[in-house]
Structure formats: structure tokens, C-alpha cells
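J.: Fold the following, please.
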Amino acid sequence: MVAALVGGLVVAGAGTGSAAAVTVRIGDSLSGCSTAVPGVGTVTADIAAHIEVDAPDTARQGVPTAPLPYRGTASVGLDFAQGTPLRQALDGAGAVTLDATARVFLRYHSPQFPNTENPRPYFSVTGVPIAGNSTLPEWSTSGELPPMVFDRVGTEPTRYYQSFNVLVTPRGADGGPTALGTLDVHCIYPPGPYSTHRVEVSPGNRHIT
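T.: Predicted coordinates:
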């Protein structure tokens, strides 16, 4: 199924020269996602990944900005409560814990900044006991994304793209993976809307304070 994506922009500070004056919010919940579970078939679940990027609203021509700090949270709504087909498959495979990894694929660019790096922040939760739980908890991360470099003076619209999936690995008592392998929970990703903000680019020989 195709799910909904919502991006947003929050003005965290104003004025030319702010090193990181806007917080760009990227991503939201995707519903109707699915994964193939051996012996069970297709299991559906909602997944979510939220990324907040502290982005510059000013830059100097040809001069890299500082790296972009980000914070992220992720969740996957797999139901493995007692008696569900997924729980039966997990018990049958001898699984006692679950690991989950959100794989986020980001791209941000403007007409003068294609950003060929396509940063991929991955973040995980590990060792979640199956017994006593019916779903995985939300997990979080933080880090930095590569700098931006603008080649043209003026106002540059910068657009942010994101797609993501969640990998879930059941593990046995010995810590190794089970016969279920790794479950890839994913959706068909919708086209937009995309978060955007504008960067004021000054000549490279001009000092910004």
C-alpha cells in the first residue's frame, strides 16, 4: 500500500548569520507496510522514522557549512503478542529477543547543491525480549550529516527527501539469528510532499557574523 508522508519546517531562530537557524522535520508514519515471514506469509505493520535536522539559513559561496546535527526516532508496529501468527513463528524458531534497525535514506539539495553523498543514518534497538512484550519500543539516535556547499550567490531553495525501512532480526538464546532470518518491513514510498527551506548565500569573501 502507499502511505502518507508529512514533512515540516520549524523556525528555531531568525536573522542572517545564524549558523543553524532552522530545524527541518522530515518523515512521519507509514501505514500498511508489510514483511514476509517464513511459514506465516505477509504480516503488516506501521513504521515511522522522524528526523530533525538543524540546517543553516545562511552560507558563504564555495565555503562548506558546518555539519548538520540531526536527531531521529523510529518505531515499528509489529504485533507479536501471545497467540498471534508472528509470535507462533518466533517461538517455533526459538527466538528470544529482537533487534530492529531503521535504515533512513536522506538527500538534500538545491539547484546549486546536488549533494551526491546521500547520507544514510541507520539506528537500532537491540536485545528486546520477546517474552513479556507484544511490540517493539520506539528508539532514537543523534549525529551529524555532511556539510552543504553552495556555488552561487543568492537565495537557494533547499529540498529534503527521505525514504526508510525497518529491519527486524529475531535472535535465539545464543544470540545468533534464527531460521526466520531478517524481516524487512517496508512500504511503497509516496512522492512528496518534501520539506524545504531557503538559504541566503553571500559572496565567499564576505564574513558572516
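
J.: Beta-bridge partners for the residue nearest the centre of the chain, please?
T.: Central residue of the chain (C-alpha atoms, centre = their mean): Val104, 3.7 Å from the mean position. On the basis of DSSP bridges, Val104 is bridged to Phe164.

J.: Could I get the pLDDT score of Val10?
T.: Listed pLDDT for Val10 reads 38.

J.: actually Gly192, sorry about that
T.: 65.

J.: Quick check, the residue nearest to the centre of the chain in contact with His50.
T.: No: counting by C-beta atoms under 8 Å, Val104 stays clear of His50, with 9.7 Å between them. Bear in mind the C-beta positions are built from the backbone N, C-alpha and C, glycine included.

J.: residues in contact with the residue nearest to the centre of the chain?
T.: Neighbour list for Val104: 27, 49, 51, 72, 74, 120-123, 162-164 [criterion: C-beta atoms under 8 Å, 6 or more residues apart in numbering].

J.: follow-up on the earlier one: quick check: neighbours shared by Val104 and His50?
T.: Residues touching both Val104 and His50 (C-beta under 8 Å, 6+ apart): 27, 72, 74.

J.: So which of those residues are in strands?
T.: 72, 74 (DSSP state E).

J.: can I get the shared contacts of Val104 and His50 in TSV with pLDDT and neighbour count?
T.: Output for those, formatted as TSV (pLDDT from 0 to 100; neighbours: other C-beta atoms under 10 Å):
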residue	pLDDT	neighbour count
Gly27	71	25
Gly72	92	23
Ala74	94	26
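
J.: just the shared contacts of Val104 and His50 now: which is nearest Ala81?
T.: Nearest to Ala81 out of the shared contacts of Val104 and His50 is Ala74 (C-beta to C-beta; 20.7 Å).

J.: Assess the claim that that closest one and Tyr122 are in contact.
T.: No: the pair Ala74 / Tyr122 is not scored as a contact, 9.7 Å apart, by C-beta under 8 Å.

J.: What is the nearest of the contacts of Val104 to Cys33?
T.: Phe164 (10.3 Å).

J.: separation between the closest one and Pro193?
T.: Distance of Phe164 to Pro193, given as C-beta to C-beta, to the nearest Å: 16 Å.

J.: since we're on the closest residue to Leu86 other than its chain neighbours, how many residues are nearby?
T.: Closest residue to Leu86 apart from its sequence neighbours, by C-beta to C-beta, 6 or more residues apart in numbering: Phe80 at 4.7 Å. Neighbour count of Phe80, defined by other C-beta atoms under 10 Å: 23.
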